[in-house]
Every structure is written in C-alpha cells, then in structure tokens.
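>>> any chance you could fold what I've pasted below:
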Amino acid sequence: MMTLRPAVAALAAALIALGILGVGNGDFALVWQPVPTWVPAREVLAYTFGAASLAAGLGLLWRRTAAAAATIALAYFFLWWLLLRVPAFFASPLANAGGLGENSVALAGALAVYAALQAPAGRLDFLHGRPGMTLARVLLGIGLIGCGEAHFRYLGPTADFVPAWIPGHLAWAVATGSGFLAAAAAILLAVWARLAATLVTAMMAAFTLLIWLPDVVHGPADRFHWTGLAVSWTLTAAAWVVADSYRDIDWLAVHRGSRALSPAS
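Below you'll find the model as predicted:
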C-alpha cells in the first residue's frame, strides 16, 4: 500500500522512470551525460546506477522500505551532483549553470525526503529533520537560479520549446526565466517561500504537460524525448516535495520555520 504523501510518490515514479531508461538502454540516462568513455567498467556502472534509481523509486512507495530508499535516492543524486555537475560548473560556470541547477533541484527533493524519513545519526545530524529540510530548501533556491540563468542564456531555444498554439513565445521564455529567479529569491530569503515554491512547481508541471508529454505522444518516441519527459517530471516532483514541506506555514509568511515533512499521508 502506498503510504507516502503524493509528492513523494511522484518523485518515486520519476526515479523509476529514470531507472527504466538506464537499464533499458544499458547506458547512463542522457541527463547524466557525458560520462567519460574511459571510466572503468562503464557499462556495469550504468546498469548499477539504473538499478539503484529503480530500486529507490520502488522502495519509496512502501513505508517499510522508504527510509532505505530515501538514502539510495539521496546518494544517487548527490553523486551526479558532486562528480559530474560541480566539476563542470567550476570548469565553465556560465555554460554549466543550468545543468548544475537542475541537478540541485533534484538533489533538494531527495534530501527533503531523506530528512523526513531518517532518524538522526551522529555526524549526519545536519541532514535530518529541520536542519536537513532547511538545507533542501536552500538547495532548491540555488538550483532555481541555475534554471533561470539557463532560460535567459538560451532565450531563443527556450522560446522555441513553447508550443506553437501559444502566442508570444519569447515573452513566455522571459516570463518563465523570471519566474525561476523570483522563486529562488523568495525561497532563499524566506519571503512568501511557500507560495513561491508552489508556483514554481506548478510552472515546471506545465512544462512537463505542455511540452515534453506531447513530444512523446505525437513526436518520435526516442530516447531523447523520453529522457526529457522523465527529467522534467523529476524536477517537478522534487520541487513539489520541497514545496510540501512548507504546508504548516502561511502562504505569505516571512522568516518563519515549519515542521519537517511527515512521511505519512
């Protein structure tokens, strides 16, 4: 029986999708590329990471395995963040801010679930309960800065993603980029943070439903489009988990704390 909150179940579904993509293709999901070809036992590692994502997603759906699954999910996103995104960002900050931002959003969601489900454990106390949830919110805010920067950096290509039936493509690209940056500021400054986190989650859900889902349904159902859909859903679900952690405070609260996310629905 699914006993976790809907946001956590959504993140579990995203992890399952990424795992299926990895195992099904015998390669790292495209979102985590490029993994160098010289990495020893690259194909074995690809299957291992795909299986880990799949196991984490399935494990989050049941209370008995949720805590262990949250640990796997946190390690999964953290390793990609640390080994792939951070070095690339320091090598070329402007070119890789968007990738680091997306990975930071995913990591924030995994950390929020971990903080809620795991009991304190010595030196890792800062990842549990209120401290862990606060860190997850900070990570979300920082990640959204990268997402907003990428929208403005690639304004033309971003506008091209807007569905043809929606007028004002460039205006929407500017608006969504501004939305990312505004939400980041609100979350990091703890000013209307619940409202900001909820609205930015809704915006990313709109990307998933209006852009990536139709691409899979009506376009070529290839690896690129399936990965785009899975990644968009992962970011939406991760932001939703963090947004849900604000549910005990007012929508327009300023500089106030809240209880950590409860694993029970």
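>>> and the closest residue to Leu54 other than its chain neighbours, how far is that from Leu58?
Closest residue to Leu54 apart from its sequence neighbours, by C-beta to C-beta, 6 or more residues apart in numbering: Gly19 at 2.8 Å. The way it works is simple: take the backbone N, C-alpha and C, and place the C-beta from them, glycine included. Distance, Gly19 to Leu58, by C-beta to C-beta, to the nearest Å: 8 Å.
>>> quick one: which of the two has more around it?
Taking other C-beta atoms under 10 Å, Gly19 and Leu58 do not tie; Gly19 has more neighbours (23 against 15).
>>> what helix or strand is the more buried one on?
Assigned by DSSP states H and E, Gly19 falls within helix 6-25.
>>> same question for Pro163.
Secondary structure from DSSP H and E places Pro163 outside every helix and strand.
>>> which residues touch it?
Leu210, Ile211, Pro214 (C-beta atoms under 8 Å, 6 or more residues apart in numbering).
>>> surely Leu74 meets Leu111?
Yes. The pair Leu74 and Leu111 passes the contact test of C-beta atoms under 8 Å, sitting 5.9 Å apart.
>>> give me the low-pLDDT residue ranges for the chain?
Applying pLDDT under 70 to the chain flags the ranges 1-4, 30-34, 119-122, 221, 256-265.
>>> still on that earlier bit, report the buried residues of whatever helix or strand comes next after the helix holding Gly19.
Downstream of helix 6-25, the next assigned helix or strand under DSSP H and E is helix 42-59. Neighbour-count burial for helix 42-59 flags Ala46, Tyr47, Phe49, Gly50, Ala52, Ser53, Leu54, Ala55, Ala56, Gly57, Gly59 (criterion: 16 or more other C-beta atoms under 10 Å).
>>> check stretch 128-136 too.
Applying 16+ other C-beta under 10 Å to stretch 128-136 flags His128, Gly129, Gly132, Met133, Thr134, Leu135, Ala136 as buried.
>>> make a markdown table from the residues you listed and add distance to Pro40 to it.
Listed next are these as a markdown table, based on distance: C-beta to C-beta, whole Å:
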| residue | distance to Pro40 |
| --- | --- |
| His128 | 34 |
| Gly129 | 38 |
| Gly132 | 33 |
| Met133 | 37 |
| Thr134 | 38 |
| Leu135 | 33 |
| Ala136 | 33 |
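>>> which of the residues you listed fall in helices?
The helices, defined by DSSP state H, take in Gly129, Gly132, Met133, Thr134, Leu135, Ala136 from the buried residues of stretch 128-136.
>>> what about the helices in the protein?
Counting by DSSP H, the helices of the chain are 6-25, 42-59, 63-80, 86-91, 93-117, 129-153, 155-161, 169-189, 193-207, 213-218, 223-244.
>>> nearest to Leu252, of those helices?
helix 193-207 (6.6 Å; C-beta to C-beta).
>>> now that closest one: buried residues?
193-201, 203-205, 207.
>>> other residues contacting it?
137, 140, 144, 176, 179-180, 182-183, 186-187, 232, 235-236, 239-240, 242-243, 246-247, 249-253.
>>> now, of these, which are buried?
137, 140, 144, 176, 179-180, 182-183, 186-187, 232, 235-236, 239-240, 242-243, 246, 249, 253.
>>> Phe161 against Leu210, yeah?
No. Between Phe161 and Leu210 no contact is recorded; they are 9.4 Å apart, counting by C-beta under 8 Å.
>>> who has more neighbours, these two?
When Phe161 and Leu210 are compared on other C-beta under 10 Å, the one with more neighbours turns out to be Phe161, at 18 against 15.
>>> measure the more buried one to Glu102 for me?
Counting by C-beta to C-beta - Phe161 and Glu102 are separated by 15 Å.
>>> repeat for Val39
Separation of Val39 from Glu102 (C-beta to C-beta): 22 Å.
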